[in-house]
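> give the three-dimensional model of this entry:
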Amino acid sequence: MAPVKKIIKKPAVKEKAAKKEPVTLEQSREAGLSVAVFSQDGKELSNISLPSEIFGLKVNSDLVAQAATAQMANSRENIAHAKDRSEVRGGGKKPWKQKGTGRARHASIRSPLWAGGGVTFGPRAEKNFSVKINKKMKRQALFMVLSGKLRDGELVILDELKLKQAKTKDMARVIEKLAAGSKKDLAKGAMIVLAKKDEMVFRAAKNLPKIMTMGVNSLNVVDLLSSRYLLMPKEAIEKIKETFIKA
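Numbers count the residues shown, from 1 in each chain. Below you'll find the model as predicted:
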C-alpha cells in the first residue's frame, strides 16, 4: 500500500490593505450636508452644503444637558442674603446683668436666639454657584444643538435677510412667507441668527411673540434650545466657522 502523502496547505498571503489617509478639515467641509436656501418671499432658490463638523454631529444629550446646566448656573444672580448677628443693627448693650436676675444670661438682643436677631446659616450673597465646563465641551455641545436642529428639520437657511425699515409688520410678513414656503410652523418660536448686527432686523423682530434675534457671537445652547426653529442667512454659516472653528 502506497504511503499517503500529507497535503500541506500554504497559508494564504494576505494582501496589504491600502492605508486610509485621514480626512482633512477642508474635505470634511466639502462633504457637508445639502439643504434648501429660501428667499425672503419663501421661494426655494437653490441648495447649500453645510459643514459636517458643525451640522453633522451625533447628539450627545448628556453633554448638551451639562452645557445648559453650566450656562444657567453661571448666569445666576445671587441676591438672597441673610444678616448674621454682626450685621444686624443694635444689640450693643447687654440686656441685663449676668447674675442675680434669675433669668438666662444673654450678651446681646441681636443673638440668633432673639426675635429680630441675626440668622444662623442663612443664605449668603457671597455663595458661588458657578460651574466649570471646558471650552471644547461647550463648543461641541453648541455644534450638537445645531446638528439636532438640522436633523429634526428645524433649520431654515435664507439667501439674505434685509429690511428697508424697522417695521414689525414687515418682519411679520417675512416670517409668514417663510413659514408657508418652508412648510414649518414658525409661530411656535424661532431664533434669527445674523452674521453681523442689523438694527433694522433687531428692532422689527423685537415685538414679535416667540421670535428672538441674536448675532453669531452670542450663540449659546440655552437660547437655541428655547426656540423651536432656527433661521439664518447663508452668510451666518461662514461666520460660525470663523468664530468657533480654529484653522
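
> so what's the residue count around Pro233?
22 (other Cβ atoms under 10 Å). C-beta: built from backbone N, CA, C; applies to glycine.

> isn't it right up against Ala195?
Yes: Pro233 is in contact with Ala195 according to Cβ atoms under 8 Å; the separation is 6.6 Å.

> so who does Asn47 touch?
Asn47 sits next to Ser34, Val35, Ala36, Val37 when contact means Cβ atoms under 8 Å, 6 or more residues apart in numbering.

> and the residue nearest to Leu33 when sequence neighbours are not counted, what's its pLDDT?
Nearest residue to Leu33 in three dimensions, chain neighbours excluded: Leu50, at 4.6 Å (Cβ to Cβ, 6 or more residues apart in numbering). Listed pLDDT for Leu50 reads 93.

> same check on Asn217?
93.

> measure it to Lys196 for me?
Using Cβ to Cβ, to the nearest Å, one obtains 10 Å as the distance from Asn217 to Lys196.

> the helix or strand of the chain with the lowest mean pLDDT: what's the following helix or strand?
Least confident element among the helices and strands of the chain, by mean pLDDT, DSSP states H and E: helix 25-30 (a mean of 44). Note on helix 25-30: by DSSP states H and E, the next helix or strand toward the C-terminus is strand 33-38.

> mind listing what's buried along the next helix-or-strand element following that following strand?
Using DSSP H and E, the helix or strand that follows strand 33-38 in sequence is strand 44-50. Judged by neighbour count using 16 or more other Cβ atoms under 10 Å, the buried positions of strand 44-50 are Leu50.

> give me the low-pLDDT residue ranges for this protein?
Within the chain, the stretches with pLDDT under 70 are 1-32, 247.

> what are the boundaries of the strands in the chain?
33-38, 44-50, 155-158, 190-194, 211-215, 229-233 (DSSP state E).

> number of residues surrounding Gly118?
Gly118: 19 neighbours (other Cβ under 10 Å).

> swap in Asp159?
For Asp159, using other Cβ under 10 Å, the count is 15.

> what of Ile245?
Neighbour tally, Ile245, other Cβ under 10 Å: 14.

> for it, give its distance to Val35.
Distance from Ile245 to Val35, by Cβ to Cβ: 19 Å.

> tell me the contacts of the closest residue to Val216 other than its chain neighbours?
Leaving aside its chain neighbours, Val216 sits nearest to Lys239 (4.4 Å; criterion: Cβ to Cβ, 6+ apart). Going by Cβ under 8 Å, 6+ apart, Lys239 touches Ala195, Lys196, Val216.

> any idea which of the residues you listed is closest to Thr69?
Ranked by distance to Thr69 (Cβ to Cβ), the contacts of Lys239 are led by Val216 at 23.4 Å.

> I'd guessed that closest one sits against Met191; true?
No: counting by Cβ under 8 Å, Val216 does not reach Met191; the two are 11.7 Å apart.

> what's the neighbour count on Arg103?
Neighbour tally, Arg103, other Cβ under 10 Å: 9.

> count of neighbours near the closest residue to it other than its chain neighbours?
Among residues not flanking Arg103 along the chain, Trp96 sits closest, at 6.7 Å (Cβ to Cβ, 6+ apart). Other residues within reach of Trp96, judged by other Cβ under 10 Å, total 12.

> try Val221
Residues lying near Val221 (other Cβ under 10 Å) number 23.

> the one 5 residues further on now?
Burial of Ser226 is recorded as 13 neighbouring residues (other Cβ under 10 Å).

> contacting residues for it?
Ser226 touches Gly189, Met212, counting by Cβ under 8 Å, 6+ apart.

> ok, now how distant is the closest residue to Ser130 other than its chain neighbours from Val145?
Computed as Cβ to Cβ, 6+ apart, the closest residue to Ser130 that is not its neighbour in sequence is Asn74, at 5.0 Å. Shown here: Asn74 relative to Val145, a distance of 17 Å by Cβ to Cβ.
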